[in-house]
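K.L.:
pasting the sequence and the predicted model now:
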Amino acid sequence: MTVVETILVYAVAPLAVFLLLALLTLVPGRRRRPRYKPGQPWDHEPVWYAPHEAGSGHDSAHADGHGGARALTAGHGGAHALTAAPQATGRPHGGARGTW
Amino acid sequence: MTGALEVTSHDTATRDTAPTRTDESVPDSLFSYRELLRLDEALTMSSRETGLRFTLYIGDLGPQTRARAEELFGRSGGDLAESVLLAVSPGQRVVEVVTGAAASRRLPDRACALAVLSMTNSFGSGDLVGGIVNGLRQLSDQAGHPRHLRPH
């Protein structure tokens, strides 16, 4: 066994295996989106999801590429939603609240 | 797929035209498509099962969380008496459920509190979407399926 063969078998081969395993471990984790952890600040825009209306086809909504339910605008842009519902306010409200 | 086509630019867009599909930014980095699909399914199916209108708000609720949630509920559109708003504020670690007058007869406060309890359990372990989906399922199970929505 020459010196080159020895180096190949005892140094390069283990290193290659090590690098392959390291790659397999590290690469899939890189692309993961930041996950919510309790106690973290929440600096995303508010989102507001409404259900699909019963009349509209459920499948047609998926076809347009948007996975989520139709989003209402919650911020200042939601003025039209405000004026659209001047009727009964639905009072008295029930419900519950919770913290974690 | 379309990669070969994009090599040469056929960009005829002006400032007034809508962005093409490739120009659009990622629609929402908040949740993955899979999570959005789960939320969509949960919202739509629970609304269709019960005949109530469930909407889901995720965002800051300000210092007066209950007042803000009720204000949002008033703007949620549709038949407010038959609406239910689920407002989650992950930054403040608060979840509020607001039910309209008619909805609260089918969803008593005690049932809402139970659903909120199961949601806060999931939220506490960092599972926002799972908690919301389970909470919606619990609320819609409690509200039941009214007779006039059943097929004959």
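P.N.:
Looks like it arrived, so ask away.

K.L.:
contacts, neighbours, all on C-alpha from now
P.N.:
Will do.

K.L.:
so A:Arg91 touches B:Ala101, yeah?
P.N.:
Yes - the criterion here is Cα atoms under 8 Å, and A:Arg91 meets it with B:Ala101 at 5.5 Å.

K.L.:
list residues touching both of the two?
P.N.:
With contacts taken as Cα atoms under 8 Å, 6 or more residues apart in numbering or on different chains, the residues that reach both A:Arg91 and B:Ala101 are B:Ala81.

K.L.:
so between those two, which is more surrounded?
P.N.:
Taking other Cα atoms under 10 Å in any protein chain shown, A:Arg91 and B:Ala101 do not tie; B:Ala101 has more neighbours (20 against 14).

K.L.:
and the pLDDT at the more buried one?
P.N.:
At B:Ala101 the predicted local distance difference test score is 88.

K.L.:
gap between A:Glu5 and B:Ala42?
P.N.:
Using Cα to Cα, to the nearest Å, A:Glu5 is found at 61 Å from B:Ala42.

K.L.:
pick out whichever of the two has more residues nearby.
P.N.:
Neighbour comparison, A:Glu5 and B:Ala42: the larger count goes to B:Ala42, with 22 against 11 (by other Cα under 10 Å).

K.L.:
wasn't that one part of a helix?
P.N.:
Yes - with the criterion set as DSSP: H, G, I helix; E, B strand; the rest coil, the secondary structure at B:Ala42 is a helix.

K.L.:
isn't it up against B:Leu136?
P.N.:
Yes - assessed by Cα under 8 Å, B:Ala42 is found in contact with B:Leu136 at 6.6 Å.

K.L.:
would you mind naming the residues that bridge with the residue nearest to B:Ser47 when sequence neighbours are not counted?
P.N.:
Distances taken as Cα to Cα, 6 or more residues apart in numbering or on different chains place B:Arg53 nearest to B:Ser47, at 5.2 Å, with adjacent residues excluded. Beta bridges link B:Arg53 to B:Ser83 when assigned by DSSP bridges.

K.L.:
hang on, isn't B:Arg53 packed against B:Gly77?
P.N.:
No - B:Arg53 sits out of contact with B:Gly77 when judged by Cα under 8 Å, with a separation of 9.6 Å.

K.L.:
who has more neighbours, those two?
P.N.:
Each of B:Arg53 and B:Gly77 had its neighbours counted (other Cα under 10 Å), and the higher figure belongs to B:Arg53 (27 against 21).

K.L.:
point out where chain A drops to low pLDDT.
P.N.:
Regions of chain A meeting the criterion pLDDT under 70 cover residues A:31-32, A:54-90.

K.L.:
longest single strand anywhere in it?
P.N.:
strand A:94-99 (DSSP state E).

K.L.:
identify the residues contacting it?
P.N.:
With contact meaning Cα under 8 Å, 6+ apart, strand A:94-99 is reached by B:66, B:93-101, B:104, B:108-110, B:112-113, B:116-117, B:120.
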